[in-house]
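A.B. asks: need coordinates for the below:
(chains A and B)
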Amino acid sequence: MQVKIPSPLFSYTKNANVVEGQGRTLLEVLDHLNSQFPGIKFRMVDEHNQIRPHMKVFVNTNEIRDLGTQINELDKIMIVAALSGG
Amino acid sequence: MSKSNQILVGTRKGAFLLSGDESRKNWKVSEPLYLGHIIHHWVKDPKSDTMIIGAKTGHLGPTVFRSTDNGKTWKESSKPPAFKQPESSDNLQAPDGPKPKSVDSVFWLTPGRIGQEGLWYAGTTPAGLFVSDDDGDTWQSVDGFNENPMYAAWTEGGGTPGGQILHSILLDPKDHNKMYFGISIGGIFESLDNGAKWTPLNKGVEIVFSPVEDPEWGHDPHCVAQSQINPNILYHQNHCGIYRIERPGDTWTRIGDNMPKEIGDIGFPIVIHPRDPNCIWVFPMDGTEVWPRTSPGGKPAVYNSVDGGKSWNRQDKGMPESNAYFTVKRQAMDCDSHEDVGIYFGTSQGEVWASIDNGSTWNCIVKHLPEIYSIKVG
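C.D. replies: Below you'll find the model as predicted:
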């Protein structure tokens, strides 16, 4: 499946803004991303698998915060770093 | 403390290296490192070429960047500081369930003692203590504090506007089992067994924001420092004044009472002379009413004591005489170990000020950096 990456994480993906993801749940997709790009998951998700406050993950057009959410191969995942001031 | 003429500057928007010539009068600023990252602390191990940076951004979680070649190349830690999972956790927390603690920022870094190559400690927000024995590549929880049965009580006082901070990790250079740290808000704690057990060390410290009279913990030490020549002598700049203790005594003395009344004894950093345990520097700030935390009266000055805080001398030659509202954060002041000690501080306005004559005269050596969070000679 397609996973869209925000610019604050480009240092991990070598500037790729779209990468290939795999997994049956959102947690598995993020773990798979981390296996390709070591360290990327902890910048998005804390040690208790909670999505960090200023990060958003959309599956198709729905914002998802439950990493147990089932994912289909045809889903499109978009990771967003919310805008922050200053 | 180091004789090196390098100053490692951590800012709200990246890290900058200042390189000085032999005279320490001419300084060059590097290109930014990790531009856009919030750099709470950038510290070099004086025993090696290892440097470690605690970083995060407004969006992304915390991490640690490390260099083992004096900053030529950098890598990210493969296992940054993180709290343990609760034993009952199924790895996916219920959205409305109790929130286990997670590291928000790596706020403080301390390299190991002489003979402890590769050892580092990190302090985090919320209050957490972590250790690495591989030069910062992987970090483990110091369970003696993080999993201590008293943890919730010691940290229940909440945090600063930036969150609850564990800072000022001090390793006794002579007694390898003795350590200290401070928590804002929580107090100063001491371990006599290399971090396995901790006890509060706050007797004598005023606390104006607690309904409990003379509590054992819950204080707000802003910055704690330990003499490297006489490790029994410690000082700290607290939310409620400046204090000194000489161990094995267990009671702090408020040496800030000897500061001029119109200046007060509120501030954040405190620095000890590398060879004289009675010589210290502080940077007073306005702690009245709503706590502006800027130079009192708009007239910035360092205050120095050479008698352990019995008396204080104002040191402002070269600084603006008026309309200058400096803020200097707790990690943003340090000194080198030259014979004429160099003292350096960074302001929230992005300026670095230096004195190379024990504080007698000051020069602004860099302007226009982002808000400065930390200054370390390295």
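A.B. asks: please count neighbours and contacts with C-alpha atoms only from this point.
C.D. replies: Fine.
A.B. asks: wait, does stretch A:22-33 contact chain B?
C.D. replies: No - legend: contact between stretch A:22-33 and chain B by Cα under 8 Å from any Cα of the partner chain is lacking; minimum distance shown is 9.2 Å.
A.B. asks: buried stuff in that stretch?
C.D. replies: Buried positions in stretch A:22-33, judged by neighbour count with 16 or more other Cα atoms under 10 Å in any protein chain shown: A:22-23, A:25-33.
A.B. asks: what are the contacting residues of that stretch?
C.D. replies: Residues outside stretch A:22-33 that contact it (Cα atoms under 8 Å, 6 or more residues apart in numbering or on different chains) are A:1, A:21, A:40-41, A:49, A:66-73.
A.B. asks: which of the residues you listed has the most neighbours?
C.D. replies: Using other Cα atoms under 10 Å in any protein chain shown as the neighbour criterion, residue A:41 leads the contacts of stretch A:22-33 with 23 neighbours.
A.B. asks: is it fair to say it lies in a helix?
C.D. replies: Yes - under DSSP: H, G, I helix; E, B strand; the rest coil, residue A:41 falls within a helix.
A.B. asks: low-confidence regions, the chain specifically.
C.D. replies: By default, I'm working from chain A. Residues of chain A meeting the criterion pLDDT under 70: A:83-86.
A.B. asks: chain B was what I was after
C.D. replies: B:1-3, B:87-98.
A.B. asks: try it again with 90
C.D. replies: Chain B contains residues with pLDDT under 90 at B:1-4, B:57-59, B:85-100, B:156-164, B:208-213, B:288-291.
A.B. asks: list the residues that contact the residue of it found nearest chain A.
C.D. replies: Nearest to chain A in chain B, going by Cα to the nearest Cα, is residue B:61, at a distance of 4.1 Å. Listed by Cα under 8 Å, 6+ apart, the contact set of residue B:61 reads A:42-46, A:52, B:104-105.
A.B. asks: now residue B:227: phi and psi?
C.D. replies: Backbone geometry at residue B:227, expressed as degrees, to the nearest 10, gives phi -60, psi 130.
A.B. asks: isn't it right up against residue B:272?
C.D. replies: Yes - the pair residue B:227 / residue B:272 is scored as a contact, 6.4 Å apart, by Cα atoms under 8 Å.
A.B. asks: grab the nearest non-local neighbour of residue B:364.
C.D. replies: Take residue B:364 and drop its neighbours on the chain: the residue closest to it by Cα to Cα, 6 or more residues apart in numbering or on different chains is residue B:353, 4.3 Å away.
A.B. asks: what's the burial count for the residue of chain A found nearest chain B?
C.D. replies: Minimum separation of chain A from chain B (Cα to the nearest Cα) falls at residue A:43, amounting to 4.1 Å. As a burial measure, residue A:43 scores 19 neighbours (other Cα under 10 Å).
A.B. asks: which stretch of helix or strand covers the nearest residue to it once chain neighbours are set aside?
C.D. replies: Nearest non-adjacent residue to residue A:43, counting by Cα to Cα, 6+ apart: residue B:61, 4.1 Å away. Residue B:61 is part of no helix or strand when elements are defined by DSSP states H and E.
A.B. asks: give me the contact list for the strand or helix carrying residue B:130.
C.D. replies: Take DSSP H and E as the rule and residue B:130 turns out to sit in strand B:128-132. Strand B:128-132 is contacted from outside by B:81, B:83, B:103, B:118-123, B:138-142, B:145-146, B:166, using Cα under 8 Å, 6+ apart.
A.B. asks: just the ones in helices from those residues, please.
C.D. replies: Using DSSP state H, the subset of these located in helices is B:145-146.
A.B. asks: now, which of the contacts of strand B:128-132 lie close to chain A?
C.D. replies: B:83, B:103.
A.B. asks: of the contacts of strand B:128-132, keep whichever come out buried.
C.D. replies: Counted by 16+ other Cα under 10 Å, those give B:81, B:83, B:103, B:118-123, B:138-142, B:145-146, B:166 as buried.
A.B. asks: what's around residue B:79, how many residues?
C.D. replies: Residue B:79 has 17 nearby residues by other Cα under 10 Å.
A.B. asks: could you measure from it over to residue B:140?
C.D. replies: As judged by Cα to Cα, to the nearest Å, residue B:79 and residue B:140 stand 9 Å apart.
A.B. asks: same check on residue A:44?
C.D. replies: In terms of Cα to Cα, residue A:44 sits 20 Å off from residue B:140.
A.B. asks: same question, residue B:149
C.D. replies: Counting by Cα to Cα - residue B:149 and residue B:140 are separated by 18 Å.
A.B. asks: same check, this time on residue B:328
C.D. replies: Following Cα to Cα, the distance that separates residue B:328 from residue B:140 is 31 Å.
A.B. asks: same question for residue B:240.
C.D. replies: Distance from residue B:240 to residue B:140, counting by Cα to Cα: 33 Å.
A.B. asks: compute the number of surrounding residues for residue 82.
C.D. replies: Let's take chain A. Neighbour count of residue A:82, defined by other Cα under 10 Å: 14.
A.B. asks: that's the wrong chain, I wanted chain B
C.D. replies: Neighbour tally, residue B:82, other Cα under 10 Å: 25.
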